[in-house]
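>>> compute the structure for the input listed below.
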Amino acid sequence: MIGRLHHVELWVPDLDRTIRSWGWLLTELGYGQCQDWSAGRSWRLGETYIVVEQSPALSSDRHDRQRPGLNHLAFHAGDRVDALVAAAPSHGWTLLFPDKQPYAGGPDHYAGYLSDEDGFEVELVRSS
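Model (predicted):
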């Protein structure tokens with residue numbers, strides 16, 4: 001239990017847009033909606049949960065994964081990587097590194113890399 005990730009909280013500039021993209025993805029990965037309030041929503045899988053919140057204290061309207069801070073979140077997606085990557089654009093996601101897919105992480109790492117409309121990146125990993 002000690003050291004296990006408890007939760008992740010992402011501050012987002014457009015809650016409705018984020019709920020559309022992240023809600024779809026997290027539900028597909030087995031997370032269930034956990035909380036809902038005027039400025040945010042959370043989804044839980046086991047003891048770990050992910051929160052998205054449109055905080056009034058935001059200092060910018062865009063996340064930049066290439067600046068110091070969070071670069072991306074990686075999720076085990078099993079044999080669903082290709083199906084999720086194919087469906088993702090209709091839920092607000094863009095495929096990153098399309099010319100290198102599904103081996104953008106190297107020849108022994110099968111994954112899909114997606115970016116949402118606000119610049120948050122996720123990596124969907126096919127575990128062996």
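>>> I'd like the next helix or strand past the top helix by length along the chain.
Secondary structure assigned by DSSP state H gives helix 15-28 as the longest helix of the chain. The element immediately downstream of helix 15-28 (helix or strand, assigned by DSSP states H and E) is strand 32-37.
>>> for that following strand, packing partners?
Applying 3 or more Cβ pairs under 8 Å, 6 or more residues apart in numbering; DSSP states H and E, we find strand 32-37 packed against strand 40-45. Backbone N, C-alpha and C define where each C-beta goes, glycine included.
>>> mind listing what's buried in the strand it packs on?
40, 41, 42, 43, 44 (16 or more other Cβ atoms under 10 Å).
>>> save the residues you listed as JSON lines, and put in distance to residue 98 and pLDDT too.
Formatted as JSON lines, the buried residues of strand 40-45 follow (distance: Cβ to Cβ, whole Å; pLDDT from 0 to 100):
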{"residue": "40", "distance to residue 98": "32", "pLDDT": "98"}
{"residue": "41", "distance to residue 98": "30", "pLDDT": "98"}
{"residue": "42", "distance to residue 98": "31", "pLDDT": "98"}
{"residue": "43", "distance to residue 98": "27", "pLDDT": "98"}
{"residue": "44", "distance to residue 98": "32", "pLDDT": "98"}
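>>> looking at these, which one is closest to residue 6?
Distance to residue 6, by Cβ to Cβ, is smallest for residue 44 among the buried residues of strand 40-45, at 10.9 Å.
>>> residues in contact with that closest one?
When contacts are counted by Cβ atoms under 8 Å, 6 or more residues apart in numbering, residue 44 touches 31, 32, 34, 50.
>>> quick check: residue 4 is in a helix.
No - using DSSP: H, G, I helix; E, B strand; the rest coil, the secondary structure at residue 4 is coil, not a helix.
>>> circling back to that earlier point, mind checking which of the contacts of residue 44 are buried?
Buried among the contacts of residue 44 by 16+ other Cβ under 10 Å: 31, 50.
>>> can you tell me the SS state at residue 114?
strand.
>>> if we can go back for a sec, now the two most distant members of the contacts of residue 44.
It's 32 and 50 that sit farthest apart of those, by Cβ to Cβ, at 11.2 Å.
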